[in-house]
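1. Kindly return the folded structure for what I paste below:
(2 chains)
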Amino acid sequence: MNEKKHQITINVISVALWALAIIYIYPIILILFSAFKTQADMAINPFGLPKVISYDNFINAFQVMHYFRSLSNTIIIVLFAVSISTVFTAMAAYAIARKNNKFYNKIYLLYLGGLIIPFQMAMIPLYKILNAFNLISTYQGVIFVYLGILSPFAVFLFSGFVKSVPKELEEAALIDGCGIYKTFFLIVFPLLKPAISTIAVLNIFGVWNDFLMPMLYLQRRNLMTLTVQMSSFQGQYVTRWPLVFAGIFLIIGPMIIIYMFAQRFIVSGITAGAVKG
Amino acid sequence: MKSINKKITEIKWFSFLIPSLAFYLIFFVLPAISSVFFAFTDWDGINYKFIGLANFVEMFHDESILTSFGNTIIYAISITFFQNFFGIVLAVFCMKKLRGLTFIRTVFFMPAIFSALLIGYTWGFILEPNIGALNTILSVLHLEFLQTSWLSDPFWARFMIIFVTVWQFMGYSMVIFVAGLKAIPNELYESANIDGAHGWKEFIYITFPLIAPSFTINIILSTIGTLKLFEQVYAMTGGGPGYMTESVAITINRLGFGGTGTRWGYGASMSVVMFLAIMFLTVFVVNKLRKREVDF
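-> Numbers count the residues shown, from 1 in each chain, chains lettered A, B, ... in the order given. Next up, the predicted model:
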């Protein structure tokens, strides 16, 4: 009897949560619906299914946001920033975790400090520094800044992970005459694979979605990333909502696909920092 | 000979740090620290001279800056509270053996993976006064008297910025709480049930004390995150009407790169205040909440 009652409660909660989940995710569904509407349809039917499916918004959005150009800009920056940052921070974290003496602990604290420094504090002088190196409005400039700002969290996660990797393999390799570099790149780095995928996936999302930094330092239209392009075109076409939604859809679409394949890395990345504290 | 070898090994180890450390120092730490220096100057981007504490004195007499600090405190407290409150509630429900649990969890987490800027634009449409979904729903329900220009009224605009941010990130908190809940051994619940603790009592005496580590990290993440709140405000209100909904990050951006001229020294001094706030809060929260954490 009790068991049956329990089952009913579970079912009621399930149904309630499902209903809530659908209302909850409605704004995301709205992006999809609206992107296929005509301007006239949008005015009389702002939040239902489109009456006629129209692809015009996508064609227009492709043009006004220079989609292929901004997409390639974003992909170039994401690829270089995330891959280089992953290798560099894994190296630094390896030295920090294995040496574990006073000096390296201080360096570790230096990285941890970066976790609480807001970007706003670096933002203004950074403009001057990039300008001095002629890096304003260049891919390298933005990538270099990412190598800086992505490092605290990556070093934090990597060094925790390296400590859980047994030392024996490295010691054996060293005895066999493998140098430190070879040992790291051939033996340790492949062992870090779970941490690498987690950190890389989190950073892909972070860089893809970033807005403020590329807005400030990529000022030429042909270098703009998707989010920056979106903000400039949203301002011009603020009343053409279907067009704006098609633009939004073109930016979040790739992320939805990556999310479906990489969900567990995202969740493990978020919780890795959390469980260790 | 041996000591030379040892030195070479040391240098090799150090060389592991160099690539990452160089970029980290030049493109993040150095500019951040120089903000502390420029905070005491009237830097306009080209020239600067020392003006002592003048920036900080001006800041606390500047109506727009005080509003911005006030807003940021309101945003930080309310977003942190509601995001974690709903995060815990969802996480507790998500631990039950529900139908389609993976789907439910995916749905609640999903908004957190998107750019806050784009989410802001989307809600900007929902809250749009003429054809936006919220006012349309109110008119369908014959509640026209409740309709308003949600993002033009300072109170409702602040409310909506808080609401949208909580909506976007409560799934993120939920995921961290779920990880914390999963780490609690089942025997504890069983023995609690034998002792007669069920439901609410079980939550207060078992669950809540034992998820303390995920509670700490969640509070820190959302506090730091909301003190830096930028994109939501930028997309939904742009800081307006006037400067009524500006957050500190928005104000710094306006001072540094806005249309009204570049007051970089003044912007730098605000960013220093922002950093100090984040630092003190983090230290405070870590110390307070760490005490609650127990080993099990």
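2. Read off the pLDDT value for residue B:124.
-> Listed pLDDT for residue B:124 reads 90.
3. residues in contact with the closest residue to it other than its chain neighbours?
-> Nearest non-adjacent residue to residue B:124, counting by CB to CB, 6 or more residues apart in numbering or on different chains: residue B:236, 5.4 Å away. C-betas here are computed from N, CA, C, even on glycine. Applying CB atoms under 8 Å, 6 or more residues apart in numbering or on different chains, we find residue B:236 in contact with B:120, B:123, B:124, B:127, B:151, B:157, B:160, B:161, B:164.
4. Among the residues you listed, which one lies nearest to chain A?
-> The shortest approach to chain A among the contacts of residue B:236 belongs to residue B:123, at 6.5 Å (CB to the nearest CB).
5. counting contacts, what elements does the helix or strand that closest one falls within pack onto?
-> When elements are defined using DSSP states H and E, residue B:123 is found to belong to helix B:116-126. Contacts defined by 3 or more CB pairs under 8 Å, 6 or more residues apart in numbering or on different chains; DSSP states H and E place helix B:116-126 against helix A:2-35, helix A:226-236, helix A:241-276, helix B:133-140, helix B:154-182, helix B:231-236.
6. from what I can see residue A:35 touches residue A:242, true?
-> Yes - contact criterion CB atoms under 8 Å: residue A:35 and residue A:242 qualify, at 6.5 Å.
7. any common contacting residues for those two?
-> residue A:57.
8. mind listing what's buried in the strand or helix carrying residue B:283?
-> Assessed by DSSP H and E, residue B:283 sits inside helix B:264-290. Within helix B:264-290, the residues scored as buried using 16 or more other CB atoms under 10 Å in any protein chain shown are B:264-275, B:277-278, B:281-282, B:285, B:289.
9. now check that helix, is it near chain A?
-> Yes - Helix B:264-290 is in contact with chain A by CB under 8 Å from any CB of the partner chain, via B:264, B:267, B:268, B:270, B:271, B:272, B:274, B:275, B:278, B:279, B:282.
10. Show me which pair in those is furthest apart.
-> B:264 and B:282 (26.2 Å; CB to CB).
11. what's near enough to touch residue B:245?
-> Contacts for residue B:245 were tallied using CB under 8 Å, 6+ apart; they are B:71, B:154, B:157, B:158, B:161, B:233, B:237, B:239.
12. what's the residue closest to the geometric middle of chain B?
-> The residue lying closest to the centre of chain B (CA atoms, centre = their mean) is residue B:225, at 1.9 Å.
13. May I have the residues that are in contact with that residue?
-> residue B:169.
14. so how far is chain A from residue B:162?
-> 16 Å (CB to the nearest CB, to the nearest Å).
15. Can you get me a residue count around the closest residue to residue A:118 other than its chain neighbours?
-> Closest residue to residue A:118 apart from its sequence neighbours, by CB to CB, 6+ apart: residue B:228 at 5.0 Å. Using other CB atoms under 10 Å in any protein chain shown, residue B:228 has 19 neighbouring residues.
16. from memory residue B:228 sits against residue A:117, does it?
-> No - counting by CB under 8 Å, residue B:228 does not reach residue A:117; the two are 10.3 Å apart.
17. Confirm for me that residue A:55 is in contact with residue A:38.
-> No - here residue A:55 does not reach residue A:38: they are 10.5 Å apart, not a contact under CB under 8 Å.
18. Looking at these two, which one has more neighbours?
-> Looking at residue A:55 and residue A:38 with other CB under 10 Å, you find the greater number of neighbours at residue A:38, namely 15 against 10.
19. got the contact list for the more buried one?
-> Residues near residue A:38 by CB under 8 Å, 6+ apart: A:50, A:52, A:54, A:56, A:242.
20. Those into CSV, with extra columns for distance to residue B:257, pLDDT and secondary structure?
-> Converted to CSV, the contacts of residue A:38 look like this (distance: CB to CB, whole Å; pLDDT from 0 to 100; DSSP: H, G, I helix; E, B strand; the rest coil):
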residue, distance to residue B:257, pLDDT, secondary structure
A:50, 39, 85, coil
A:52, 43, 82, coil
A:54, 38, 85, coil
A:56, 35, 87, helix
A:242, 31, 88, helix
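21. check those against chain B, which are close?
-> Counting by CB under 8 Å from any CB, no member of the contacts of residue A:38 is near chain B.
22. Export the residues you listed as TSV, with columns for neighbour count.
-> Below are the contacts of residue A:38 laid out as TSV (neighbours: other CB atoms under 10 Å in any protein chain shown):
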residue	neighbour count
A:50	17
A:52	9
A:54	18
A:56	14
A:242	26
